[in-house]
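Student: okay, structure incoming, though there's no sequence with it:
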């Protein structure tokens, strides 16, 4: 958590999680984007309501808030599967989650799991057909000597991150377009 955030004993945060702007120039950058034929507020509401993602998305195994802040962010643990034909590879991570109602945008910083240190942003822009949703993942890779950056650029980013994020975006878009 950032320096200004502290938790109470009951698992609530005293202050809203705040994360800095996305970093530039990191080793791995994965972008998934799509125009969703729905109002921007409908898509933003679905995306920020992460604890309901397993209801909408078959590849999400579970989502649990360890602490919540007053604006819907907090510290959240998530697990999703990356399918490979009939076999699914389970993944998990814990993130700080910050909500920016004004932009609107959602920021995550992975703080536990193999992707620790990854920065993520969901952004939403008005589009003549609805809303352009963009998910950006930036990371310098795991701290594995000699192969960390290579693994991030050639396996973790394109196979796992894109594989899960593209399914998440498509699934939430389908829900938003039915509303």
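Tutor: The structure has been received and is ready for your questions. Nothing here was measured: the structure is a model prediction, and the numbers come from that model.
Student: low-confidence ranges in this structure?
Tutor: Applying pLDDT under 70 to the chain picks out residues 1-10.
Student: try it again with 50
Tutor: For the chain, applying pLDDT under 50 flags the ranges 2-4.
Student: pull the longest helix from it.
Tutor: Determined from DSSP state H, the single longest helix within the chain is helix 162-178.
Student: now that helix: how far from the chain's centre is it?
Tutor: 12 Å (C-alpha atoms, centre = their mean, to the nearest Å).
Student: over to stretch 89-107?
Tutor: So, by C-alpha atoms, centre = their mean, the centroid of stretch 89-107 is 4 Å from its chain's centroid.
Student: try stretch 67-87
Tutor: 8 Å.
Student: same check on stretch 35-42?
Tutor: The answer for stretch 35-42 is 18 Å, by C-alpha atoms, centre = their mean.
Student: and that stretch, end to end?
Tutor: End-to-end distance of stretch 35-42 (C-alpha to C-alpha, to the nearest Å): 13 Å.
Student: how about stretch 102-120?
Tutor: Distance between the two ends of stretch 102-120: 18 Å, counting by C-alpha to C-alpha.
Student: contacts for the longest helix of the chain, please.
Tutor: With contacts defined as C-beta atoms under 8 Å, 6 or more residues apart in numbering, helix 162-178 is touched by 30, 32-34, 36-38, 42-43, 46-47, 53, 56-60, 80, 82-83, 91, 133, 135, 137. (Each C-beta comes from the backbone N, C-alpha and C, glycine too.)
Student: from residue 142, how far out is residue 171?
Tutor: Distance check for residue 171 against residue 142: by C-beta to C-beta, to the nearest Å, it reads 27 Å.
Student: returning to what we had before: report the buried residues of the longest helix of the chain.
Tutor: Going by neighbour count (16 or more other C-beta atoms under 10 Å), the buried part of helix 162-178 is 162, 163, 164, 165, 167, 168, 169, 171, 172, 173, 175, 176.
Student: now the residues you listed as TSV including distance to residue 104?
Tutor: Formatted as TSV, the buried residues of helix 162-178 follow (distance: C-beta to C-beta, whole Å):
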residue	distance to residue 104
162	23
163	26
164	22
165	18
167	22
168	17
169	16
171	19
172	14
173	16
175	17
176	14
